[in-house]
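S.K.: Sharing a model that was predicted from the sequence below.
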Amino acid sequence: MSDVPGIELNNGTVIPQLGFGVFQIDPSDTAETVLTAFEAGYRHIDTAQMYGNEAEVGEAIAKSGLGRDELWITTKCNNSNHGYDDAQRALDESLQKLGLDAVDLYLIHWPLPGKDLYVDTWKGFEKAHQDGKTRTIGVSNFQPHHLDKLLEETETVPAINQIELHPHMQQAGLRSYHERHGIRTEAWSPIGQGKGLLDAPELVEIAQAHGKSAAQVVLRWHVQLGNIIFPKSVTPDRIRENKDIFDFELTHEDMQKIDGMEKAERLGPDPDTFAR
Ligand SMILES: NC(=O)C1=CN([C@@H]2O[C@H](COP(=O)(O)OP(=O)(O)OC[C@H]3O[C@@H](n4cnc5c(N)ncnc54)[C@H](OP(=O)(O)O)[C@@H]3O)[C@@H](O)[C@H]2O)C=CC1
Ligand SMILES: O=C1CO[C@H](CO)[C@@H](O)[C@@H]1O
């Protein structure tokens, strides 16, 4: 039995709240690193066509001996593949690389203001879902105005919006939009990419009080907020450490202290201008 809680989505499927992210893992290290994550008990992998390591994630899945129904695999449609037909072709390519008949979650990686094709792309996603190539469809880096347009012009409410979210970029407005519309929040760069954030005195103090690391405290803060997370690491001890977050609880005061760290400071691109 996995100790990772599941979160129910608006289509009734259940996603493991903790997964493993593989952005910036070199393809030559990916299969071994994902196998280390599987050994540590992770069952949810977050990859993307953009990351260039889907084939190696597929290699790890094949080698793991785990049943397909034990795993949650997410991938994302690359920015170069927006549009009704291209999005479906891109998913076919990802499935071939992953060695799967279907993924659990397919995401539009960025809304891409320059192209403004995300409504057509989403209709392609709806078709891919009907065709059984993905169990669930969602978006990433969407702002409320992008979501409004999908809700007005298409049939399916995204199950998930994957957005940059950590103590320095808490996204209160988007999170409450998601709650109002039954969309679950996935937090990318959940520990703020490690450096800097994890030295913050607030986190160090809370970590000492619980006998945990600052990374575990931040990940636990996400869990208690209901966010879905997939920290990345190539370091086996950290891979195990980041999963060891289900045996303690942050107090209301701890949560408030971390809430007070908000700076509205992005580490990644702004979705309203990012157009590549
Ligand atoms: N949809 C989108 O646009 C985006 C999605 N993502 C997704 O989110 C995932 C996670 O985000 P990412 O940007 O990688 O950032 P994370 O917040 O997961 O941080 C990863 C960094 O933190 C370090 N780290 C990991 N664990 C610890 C620890 N316990 N203590 C100290 N340092 C640690 C890692 O180092 P090391 O590896 O050396 O151990 C790495 O440098 C990605 O892999 C990807 O799947 C990310 C960006 C954008
Ligand atoms: O997933 C991703 C990883 O990070 C990149 C740089 O911030 C993003 O562009 C991309 O969306």
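M.R.: Perfect, I can see it now. Ligands and ions are numbered 1, 2, ... in the order given.
S.K.: what's near enough to touch residue 73?
M.R.: Residues counted as contacts of residue 73 (CB atoms under 8 Å, 6 or more residues apart in numbering) are 44-45, 47, 57, 61, 98, 100, 103-105. To be clear about C-beta, it is placed using only N, CA and C from the backbone, and glycine gets the same treatment.
S.K.: Out of these, which sit inside strands?
M.R.: 44-45, 103-105 (DSSP state E).
S.K.: Show me which positions of stretch 171-181 end up buried.
M.R.: Under the neighbour-count criterion of 16 or more other CB atoms under 10 Å, stretch 171-181 has 171, 174-175, 177-178 buried.
S.K.: Now it: average pLDDT?
M.R.: For stretch 171-181, mean pLDDT is 98.
S.K.: Does that stretch reach ligand 1?
M.R.: No. Judged by CB under 6 Å from any ligand atom, stretch 171-181 and ligand 1 are separated, with a smallest distance of 13.1 Å.
S.K.: Please, where are all the helices along the protein?
M.R.: 27-40, 54-64, 84-98, 118-130, 144-153, 172-181, 201-210, 214-225, 236-243, 252-259 (DSSP state H).
S.K.: now, of those, which is deepest in the fold?
M.R.: helix 214-225 (a mean of 23; mean count of other CB atoms under 10 Å).
S.K.: Just the pLDDT for the residue lying closest to residue 254 once chain neighbours are set aside.
M.R.: Residue nearest to residue 254 in three dimensions, not counting chain neighbours: residue 206, with 5.0 Å by CB to CB, 6 or more residues apart in numbering. Residue 206 is assigned a predicted lDDT (pLDDT) of 98.
S.K.: who's in contact with residue 206?
M.R.: Contacts of residue 206 by CB under 8 Å, 6+ apart are 214, 217, 250, 254, 257-258.
S.K.: if you set the cut-off to 7 Å instead, what comes out?
M.R.: 217, 250, 254, 257 (CB atoms under 7 Å, 6 or more residues apart in numbering).
S.K.: Same check on residue 38?
M.R.: 60, 64, 66.
S.K.: Identify the residue spatially nearest to residue 234, adjacent ones excluded.
M.R.: residue 33 (5.4 Å).
S.K.: I'd guessed the one you found sits against residue 24; true?
M.R.: No. Using CB atoms under 7 Å, residue 33 is not in contact with residue 24, being 11.0 Å away.
S.K.: Could I get the pLDDT score of the residue of the stretch 101-250 of the chain found nearest ligand 2?
M.R.: Minimum separation of the stretch 101-250 of the chain from ligand 2 (CB to the nearest ligand atom) falls at residue 109, amounting to 5.6 Å. As predicted, residue 109 sits at a pLDDT of 98.
S.K.: Contacts only, for it.
M.R.: Contacts of residue 109 by CB under 7 Å, 6+ apart are 48, 50, 76-79, 140.
S.K.: Name the nearest residue to residue 81, ignoring sequence neighbours.
M.R.: residue 90 is the one closest to residue 81 (CB to CB, 6+ apart), at 3.7 Å.
S.K.: Report the backbone C-alpha coordinates of stretch 91-100 in PDB.
M.R.: Provided in PDB are the C-alpha atoms of stretch 91-100 (Å, rounded to 0.1, in the frame of the first residue of the first chain):
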ATOM      1  CA  LEU A  91       0.400  12.800 -28.100                       C
ATOM      2  CA  ASP A  92       0.800   9.800 -30.400                       C
ATOM      3  CA  GLU A  93       4.600  10.500 -30.500                       C
ATOM      4  CA  SER A  94       4.700  10.800 -26.700                       C
ATOM      5  CA  LEU A  95       2.900   7.500 -26.300                       C
ATOM      6  CA  GLN A  96       5.300   5.800 -28.700                       C
ATOM      7  CA  LYS A  97       8.300   7.200 -26.700                       C
ATOM      8  CA  LEU A  98       6.800   6.200 -23.400                       C
ATOM      9  CA  GLY A  99       5.800   2.800 -24.600                       C
ATOM     10  CA  LEU A 100       2.200   3.300 -23.400                       C
END
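S.K.: All set now, cheers.
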